[in-house]
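Predicted model, plus sequence, below.
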Amino acid sequence: MSKRNSQAAKTAARERLRIEREREAKRAKTRRQVIVAGSIVAVLAIAGGIGYAVVQANEPDGWDAAKDAKLVKPANTSGKDGTTVVIGKDSAEKTLVMYEDPRCPACAAFEQAVGPTVDKDVEDGKYKIQFVGATFIDRNVPGVGSKNALSALGAALNVSPEAFLEYKTALYSTKFHPEETEDKFKDDDYLIKVANSVDGLKGNKTFQTAVKKGTYDKWALVMGEKFDADGEKYGFQGTPSLVMDGKKVTGSDGQSAPMTTADFNKAIDAALKK
């Protein structure tokens, strides 16, 4: 091979090597750009996810939001906030105020033992009843079932006083009332299941929609506040509690509500005579 040919071959080889290096450099640059771009997207995605999570964490849940919601008063109520719920004959001269928390086991025991007597007394016009719902168990146990069941009671009251009373009885029944620590009433579907045992509420779409949408959630909160204020006024903190003519109606211990029919009748007869 001549020196000229040898030199030409070397030059061509160096050129091919240069071109190949440039191609590899371009490919490496492209790979770096893809990696950087992907990393930026990943960082932005993570940042976005964190931002979304922070926003979600700071968003008020249903009951926090209910505090600022517009108050919707159920039908068959009176008073400024619709928290006066009085049921009975107009001819009845006196009113028995009943304070109950939906999750309260003592309230369930009271309703199961004394509830039929109360219903008959009201039907006979012996006295009217005024219902005040409490939600303090949600704070103590904790949970949301007291508030949620009270909201559902508002939906029942909006249907009719009769539906309200029957629904309240069903909620406190041995069949449906859960243990205090089992927050079953937080579940709208369970509250609707209980309602389907009540003639006036069975399959009632208006009632069901109100329960699911939380139409009376704000009302339940305001009602709970009324219980707290009245408890401070009359010197009680638990449920059930009974008041007539501004005085507590108690059993033989002089402190708590009468929990048997005999004690209840004795206490009510004494209160009616005052």
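Ah, there it is.

isn't Tyr99 right up against Thr239?
Yes: taking contact to mean CB atoms under 8 Å, the distance of 5.4 Å between Tyr99 and Thr239 places them in contact. Using the backbone N, CA and C atoms, a C-beta is placed for each residue, glycine as well.

got any residues that touch both of these two?
When CB atoms under 8 Å, 6 or more residues apart in numbering defines a contact, the residues bordering Tyr99 and Thr239 alike are Ala134.

which one is Met223 nearest to, not counting chain neighbours?
If the residues on either side of it in the chain are set aside, Met223 comes closest to Gly133, at 4.6 Å by CB to CB, 6 or more residues apart in numbering.

In the sheet, which residues pair with the one you found? Tell me.
Legend: beta-bridge partners of Gly133 under DSSP bridges are Glu100.

picking that back up, tell me which of Tyr99 and Thr239 has more neighbours.
Thr239 (27 against 24; other CB atoms under 10 Å).

Now do the same contact list for that one.
For Thr239, the contact set (CB under 8 Å, 6+ apart) comprises Tyr99, Glu100, Asp101, Cys104, Ala106, Cys107, Ala134, Phe136.

For Phe110, see how far away the residue nearest to Met223 is.
When distance is defined by CB to CB, to the nearest Å, Gly133 is 14 Å away from Phe110.

Looking at these two, which is more packed in?
In this view Gly133 and Phe110 are compared by other CB under 10 Å, and Gly133 has more residues nearby, 27 against 24.

Do you know the pLDDT at that one?
Per-residue confidence at Gly133 stands at 98 (pLDDT).

Report the contact partners of it.
Taking CB under 8 Å, 6+ apart as the criterion, Gly133 is in contact with Glu100, Asp101, Pro102, Ser146, Leu150, Leu153, Ala220, Met223, Gly224, Phe227.

who's in contact with Val249?
Taking CB under 8 Å, 6+ apart as the definition, contacts of Val249 comprise Leu96, Leu242, Val243, Ala257, Pro258, Ala267, Ile268, Ala271.

Buried residues of stretch 154-169, list them for me.
For stretch 154-169, a neighbour-count test (16 or more other CB atoms under 10 Å) marks 154-159, 161, 163-169 as buried.

In helices, which of the residues you listed appear?
Assignment to helices by DSSP state H places the following of the buried residues of stretch 154-169 there: 154-159, 161, 163-169.

Give the burial count for Val211, as a bare number.
The number of residues packed near Val211 is 25, by other CB under 10 Å.
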